[in-house]
Each structure stands twice: as C-alpha cells, then as structure tokens.
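Trainee: next comes the sequence, and after it the predicted model I'd like to discuss.
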Amino acid sequence: MEWSIQEIAKKAGTTSRTLRHYGERGLLEPSRIGANGYRYYDQAALVRLQRILLLRELGLSLPAIAEVLAGQRDTTAALRTHLALLEQERERIGRQIASVRTTLHKTENGEELMADEVFDGFDHTVYEEEVSERWGRDAYEKGDRWWRSLDDAQRKAFMDEQAGIARDFARALKKGLAAGSEEVQAIARRQVDWLSHTTAPSKEYVIGLGRMYVDDPRFTANYDKHGEGTAVLVRDAMEIYAERNL
C-alpha cells in the first residue's frame, strides 16, 4: 500500500513542501516517483516520517535527526527510545500544567506563591549551551545581561517587534513574493536591525541564524505558526540580505 505526497502531508498535519524539503535533506525519500512526477510513500516511509516528526517535536535539528536515523537501523528499538523520550516530555508538560494551575489558584485566592511551584517544569536557560557553543560564551552572557536589564514593558516591546516582522514575512509568503524581492528584503533588513539589539550581526552570523530557523523546530514553529513555509522564506531572505549587505 502507498500514499501520495498530498495524502501523507494531510494525514501528518504538514505540507507537501515540507516533505519535499525532507527529501532534499536526505531524510525522507519517496518509495517511488510516478510517471507524472508525483511522489508516493510506502509503509516504511510512513514509519520513518513518524520518527522524523517525533524527533522534531523533541527539539532536534534536521542534521541531528539525520545522524540519529543513520545510527538507528532497528526501527523497533528506535521507536522504543522515542516512546521513552515522549513519556519524559509528557511528565515535564504535566508538571508545567500543575504549576500554572497552582499559580492560578493561589493568585485567585490571594495566597503566597513559592518560586519552586511557579517554575516547576520550566527551563529558562534552555538556549544557553547552544548559543555558547555556536557563537561563544561572551555572546550568550552579553545577550543575557541585556535581556535582564530590560523591564517588562521593554521586553514585551522587543518580542512584539519580532512578532510583527514574522507576520510580515508570512504575508509576503502568501503574496508569493520572492526572497530577493524588494519588499521581502526590506523585511529582512528589519530582522537584522532587530538582531542588532543584542549583537553586531556579521554575514556568517545572519546566514547561520537563518538556517537555524529552518533546521531547529523550536525556531521553525515560531515562524510557521504564522503560515507554513515562513521559516524557509526567512532563511532565504536573510541569506540574500547578508550576501548583499554584510
């Protein structure tokens, strides 16, 4: 039994474009390509796609997923590992839900809050190791000091600015604008200006960060919630902008 790329995309809650992107990265090859050029996927491909989606949900980048898939030839053993990881994630999310419920209850009743209860299940330094590894410890510490120096209103304004940029990228995607078009490049300039709040973006930094927006599901979700494929447009636009201007 096999399914077309459109059928699989619909069942998996993703898009044909994403599946083709996985194919280009060597993660998910179609079981065959029809005479009409359509891609078809068999049961083995479905299981592989499930593994890819599970790893994406767990926060792995596409290069990391490729390494995992290459090293796990035993599908059953791999699924057992993924199941264990999902159960751990379920436990963490359960703690977050309980934490928010406790905060809500105590706030409504005027009770004193305990820090351990408020932040149970949350990790506010989740990007520390990654930023330090990619761009150096100084980059993380500088950004961390800058963020901590802001008050609540300034932090909200900073995040609202980024959300507006993301929405504008999504609108450009819906209009079918190319990454190198004047309008999209103007948005890319705003993105780089926004990044300048915390660092002095170099050509390599901007290109690398743009690629991470696609390779890392945490960042992809932040852009694609405005429209599937937005992160890819952001990546391409940032690379073009960097090549032209940095």
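Mentor: Arrived safely.

Trainee: tell me what the host helix or strand of Arg20 is packed against?
Mentor: Using DSSP states H and E, Arg20 sits within helix 16-24. Counting contacts by 3 or more Cβ pairs under 8 Å, 6 or more residues apart in numbering; DSSP states H and E, helix 16-24 packs against helix 5-12, strand 39-42, helix 43-57. (C-beta placed from N, C-alpha, C; glycine too.)

Trainee: please compute how far the very next helix or strand once past the longest one lies from its chain's middle.
Mentor: Right, the one you point to is helix 43-57. Downstream of helix 43-57, the next assigned helix or strand under DSSP H and E is helix 62-71. Its chain's average C-alpha position is 16 Å from that of helix 62-71, according to Cα atoms, centre = their mean, to the nearest Å.

Trainee: ok, back up a step: quick one: which of the helices and strands packed on helix 16-24 is nearest Ile93?
Mentor: Proximity to Ile93, assessed across these by Cβ to Cβ, is greatest for helix 43-57 (11.3 Å).

Trainee: any residues touching that closest one, and which ones?
Mentor: Defining contact as Cβ atoms under 8 Å, 6 or more residues apart in numbering, one finds that helix 43-57 is touched by 1, 3, 8, 12, 14, 19, 22, 27-31, 41, 64-65, 68-69, 75, 78-79, 82, 85-86, 89, 217.

Trainee: would you mind listing which of those residues are buried?
Mentor: The neighbour-count test (16 or more other Cβ atoms under 10 Å) marks 3, 8, 14, 19, 22, 27-28, 30, 41, 65, 68-69, 78, 82, 217 as buried among the contacts of helix 43-57.

Trainee: quick revisit: buried stuff in the helix holding Arg20?
Mentor: Buried-residue list, helix 16-24, by 16+ other Cβ under 10 Å: Ser16, Thr18, Leu19, His21, Tyr22.

Trainee: tell me how far it is from the chain's mean position?
Mentor: 16 Å.

Trainee: Phe219: neighbour count?
Mentor: Phe219: 19 surrounding residues under other Cβ atoms under 10 Å.

Trainee: ok so it is a strand residue?
Mentor: No: Phe219 sits outside any strand when classified using DSSP: H, G, I helix; E, B strand; the rest coil, being helix.

Trainee: ok, it to Glu161 distance?
Mentor: 17 Å (Cβ to Cβ, to the nearest Å).

Trainee: Glu29 too?
Mentor: The separation that Glu29 has from Glu161, given Cβ to Cβ, amounts to 40 Å.

Trainee: that older thread, just put the helices and strands packed on helix 16-24 in a markdown table and tack on distance to Leu104.
Mentor: Listed next are those as a markdown table, based on distance: least, Cβ to Cβ, whole Å:
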| stretch | distance to Leu104 |
| --- | --- |
| helix 5-12 | 34 |
| strand 39-42 | 44 |
| helix 43-57 | 26 |
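
Trainee: so which of these comes closest to Leu177?
Mentor: Using Cβ to Cβ, the helices and strands packed on helix 16-24 put helix 5-12 closest to Leu177, at 23.0 Å.

Trainee: what lies in contact with the closest one?
Mentor: 3, 15-16, 18-20, 30, 38-41, 45-46, 49, 53.

Trainee: averaged pLDDT, the helix or strand harbouring Leu83. What do you get?
Mentor: In the assignment (DSSP H and E), Leu83 maps to helix 75-108. For helix 75-108, mean pLDDT rounds to 71.
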